[in-house]
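Enquirer: Sequence first, then the predicted structure:
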Amino acid sequence: MTPPGERRPARGDSAPKRTASGKPTGKPVGKPAGKQSSAKFKSGKPAAQRPRKPVDGAPSVESRADAPARAEQATPKRKPAPAAPQRTRRETKAATEAVLQTGIQILTVTADEADMRLDRFLSARFPQIAFTHIQRIVRTGQLRVDGKRMKPNDRLAAGQSVRVPPLRLQENAPRALARDADDLAFLASVTLYEDKDVLVLNKPAGLAVQGGSGTTRHVDGLLDAMRDKDGQKPRLVHRLDKETAGCLVVAKTRFAAATLSKSFRSRTTRKVYWAICAGVPRLRQGRISAYVAKFSDPDGESRMVVAEHGDRGADHALTYYAVVDQSAQKLSWLSLKPVTGRTHQLRVHAAHMGHPIIGDDKYFNVENWELPGGIQNRLHLLARRIVIPHPRTGRPLDVTAPLPPHMQQTFNLLGLDTERYDPIIESPEE
């Protein structure tokens, strides 16, 4: 029987050996249940509180009570950075929108910028933005002027508030110094007049005024070489067709751009063009008044056509002409004075009266007509002369351009004299 106060051994356990006095020998008999149980019996303390003898080359195991103090003395080990928490799609979108909202700007139109087109105003303020992007944000209504939607060609007034959405700014790629030097040299070679406000260029035939699909070299791009320390460059205030040579006016300051643009719109600018046309008009001097509108053919090619008053997109166009000289009945030298400034106006009007400009691959419409030998099949149209009030002084600025090489060759072949009296000066101004 088990003495009173002692536990009966469980099944499978061996009864501990006893001395003669009946006390246990101090060593349990049989296999311990586990290492922790065995350690407890040996030291009288739990294994987690008792230091272990370190094995050679292995770190010692410390008690929980001593660990914090020793951790302060030890050099902490570098822990791997915690993985970034995964954002939900909604959180990512909200964070992106929050960043984009910081790009909204409110601009105020200054007195020098008054009467500027909205797209030109933005191009002047943000020269590093693509012009196509500027027009896109205006057309889509992202940009507001005094809280209202505007069109790219709408004019601004001083003091108006322009809300600009976040813009995709383009880093200006560093331009090669050699390229800038070449562009500056070229511009200097075709400069007819220049002061601190105005630059008048003799644009060569075949050089585009602005860039477009497949056009990499153009006047607007060449003007990048003339940027000032603030990143501003001279601005175009009117256009010439790519194949038209002659006087092209450029504003070098914002003030000049606004003033010159107003002169063109108010028709206080006088322009004279020279052209070599097929045939000879019956009336030596005349007036062409015909509405023109843009038309796209089934192939997607667009051109200007003569339209009727009231037709969709039709604008009135007025041109005065005079025959300066002729070569028999085959060719005529016309001097043209456009009162309005419609797209391709002179080319359309010349074709409309039955005497299209030779070398015009878009509007030449005379059947079975052969170009005389020795004459190049290039557009024979020159912006010969321009008279415009100077933006600073108001006095007339009168500039004349020489004949381009292919027209000079034609004049020589036909025996035409550039010093001959030009009767277009007698035509009305309106």
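Expert: That came through fine. The model shown is predicted, which means the values in this text are computed figures rather than measured ones.
Enquirer: How are the strands of the stretch 151-300 of the chain distributed by residue range?
Expert: For the stretch 151-300 of the chain, applying DSSP state E, counting those that start in this stretch gives strands covering 161-164, 191-194, 198-203, 235-236, 245-251, 270-278, 285-296.
Enquirer: which of those sits most buried?
Expert: Sort those by mean neighbour count, taking mean count of other CB atoms under 10 Å, and strand 245-251 sits at the top with a mean of 26. In this view, the C-beta of every residue, glycine as well, is placed from N, C-alpha and C.
Enquirer: what's the residue closest to the geometric middle of this protein?
Expert: Nearest residue to the geometric centre of the chain (CA atoms, centre = their mean): Ala130, 0.4 Å.
Enquirer: now it: how far from Gly211?
Expert: Ala130 is 10 Å from Gly211, where distance means CB to CB, to the nearest Å.
Enquirer: What distance do you get for Val164 to Ile129?
Expert: Distance from Val164 to Ile129, by CB to CB: 10 Å.
Enquirer: Spit out the residues that contact these two alike.
Expert: With contacts taken as CB atoms under 8 Å, 6 or more residues apart in numbering, the residues that reach both Val164 and Ile129 are Leu122.
Enquirer: thinking again about what came up before, what's the closest of the strands of the stretch 151-300 of the chain to Gly354?
Expert: strand 270-278 (8.5 Å; CB to CB).
Enquirer: Just the helices from the chain, written as ranges.
Expert: Secondary structure of the chain (DSSP state H): helices located at 35-43, 67-73, 89-101, 118-125, 131-139, 177-189, 219-222, 254-265, 345-352, 405-414.
Enquirer: what pLDDT, on average, does the fifth one get?
Expert: Which is helix 131-139. For helix 131-139, the mean per-residue pLDDT is 82.
Enquirer: ok, residues contacting it?
Expert: Contacts of helix 131-139 (CB under 8 Å, 6+ apart): 118-119, 122-123, 126, 143, 150-152, 165, 167-168.
Enquirer: CA atoms of that helix as CSV?
Expert: The C-alpha coordinates for helix 131-139 follow below in CSV (Å, rounded to 0.1, in the frame of the first residue of the first chain):
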residue,chain,number,x,y,z
PHE,A,131,1.5,73.7,-78.1
THR,A,132,-0.7,70.7,-79.0
HIS,A,133,-1.1,70.0,-75.3
ILE,A,134,-2.1,73.6,-74.6
GLN,A,135,-4.8,73.5,-77.2
ARG,A,136,-6.0,70.1,-75.9
ILE,A,137,-6.6,71.3,-72.4
VAL,A,138,-8.4,74.4,-73.6
ARG,A,139,-10.7,72.5,-76.0
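Enquirer: how far is that helix from where the chain is centred?
Expert: 8 Å (CA atoms, centre = their mean, to the nearest Å).
Enquirer: Please identify the buried residues of it?
Expert: Neighbour-count burial for helix 131-139 flags 131, 134-135, 137-138 (criterion: 16 or more other CB atoms under 10 Å).
Enquirer: From those residues, pick the one nearest Asp422.
Expert: Using CB to CB, those come closest to Asp422 at Phe131, 37.2 Å.
Enquirer: From Pro428, how far off is the closest one?
Expert: Taken as CB to CB, the span from Phe131 to Pro428 is 37 Å.
Enquirer: what's the answer for Ile357, then?
Expert: Separation of Ile357 from Pro428 (CB to CB) stands at 23 Å.
Enquirer: quick one: which of the two has more around it?
Expert: Ile357 (24 against 9; other CB atoms under 10 Å).
Enquirer: per-domain residue ranges of this structure.
Expert: As given by automatic domain parsing, the domain ranges for the chain are 97-164, 177-257, 270-426.
Enquirer: What's the mean pLDDT across the last one?
Expert: In this model, domain 270-426 has an average pLDDT of 95.
Enquirer: for the second one, same thing?
Expert: Averaged across domain 177-257, the pLDDT comes to 91.
Enquirer: hmm, back to that, make TSV from the strands of the stretch 151-300 of the chain and add distance to Glu113 to it.
Expert: Listed next are the strands of the stretch 151-300 of the chain as TSV, based on distance: least, CB to CB, whole Å:
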stretch	distance to Glu113
strand 161-164	10
strand 191-194	23
strand 198-203	18
strand 235-236	11
strand 245-251	12
strand 270-278	26
strand 285-296	29
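Enquirer: and Gln329, which of these is closest to it?
Expert: Using CB to CB, the nearest of those to Gln329 is strand 270-278, at 10.1 Å.
Enquirer: what's the angle from that closest one to strand 245-251?
Expert: Computed by axes from the mean of the first three to the mean of the last three CA atoms, to 10 degrees, the angle separating strand 270-278 from strand 245-251 equals 160 degrees.
Enquirer: circling back to that earlier point, can you say which of the strands of the stretch 151-300 of the chain is nearest to Leu416?
Expert: Leu416 lies closest to strand 270-278 among the strands of the stretch 151-300 of the chain, at 8.5 Å (CB to CB).
Enquirer: List every C-alpha atom in that closest one, with coordinates, as CSV.
Expert: Included here for strand 270-278 are C-alpha records, laid out as CSV according to Å, rounded to 0.1, in the frame of the first residue of the first chain:
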residue,chain,number,x,y,z
ARG,A,270,-0.7,96.9,-95.4
LYS,A,271,0.7,93.8,-97.3
VAL,A,272,1.7,93.6,-100.9
TYR,A,273,2.3,90.2,-102.6
TRP,A,274,3.9,89.5,-106.0
ALA,A,275,2.8,86.5,-108.1
ILE,A,276,3.4,85.0,-111.5
CYS,A,277,0.0,83.7,-112.8
ALA,A,278,-1.2,81.7,-115.8
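Enquirer: Now do it: distance to the chain's middle.
Expert: Using CA atoms, centre = their mean, the offset of strand 270-278 from its chain centre is 35 Å.
Enquirer: hmm, back to that, please convert the domains of the chain to a markdown table, extending it with distance to Phe264.
Expert: Below are the domains of the chain laid out as a markdown table (distance: least, CB to CB, whole Å):
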| stretch | distance to Phe264 |
| --- | --- |
| domain 97-164 | 11 |
| domain 177-257 | 5 |
| domain 270-426 | 7 |
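Enquirer: so which of the ones you listed gets nearest Ser263?
Expert: That would be domain 270-426 among those, by CB to CB, at 5.5 Å.
Enquirer: Can you get me the centre-to-centre distance for the closest one and its chain?
Expert: 33 Å.
Enquirer: ok, Asn399 to Val387 distance?
Expert: For the record, residue 399 is Val, not Asn. 8 Å.
Enquirer: Of these two, which one has the most company?
Expert: Val399 (20 against 15).
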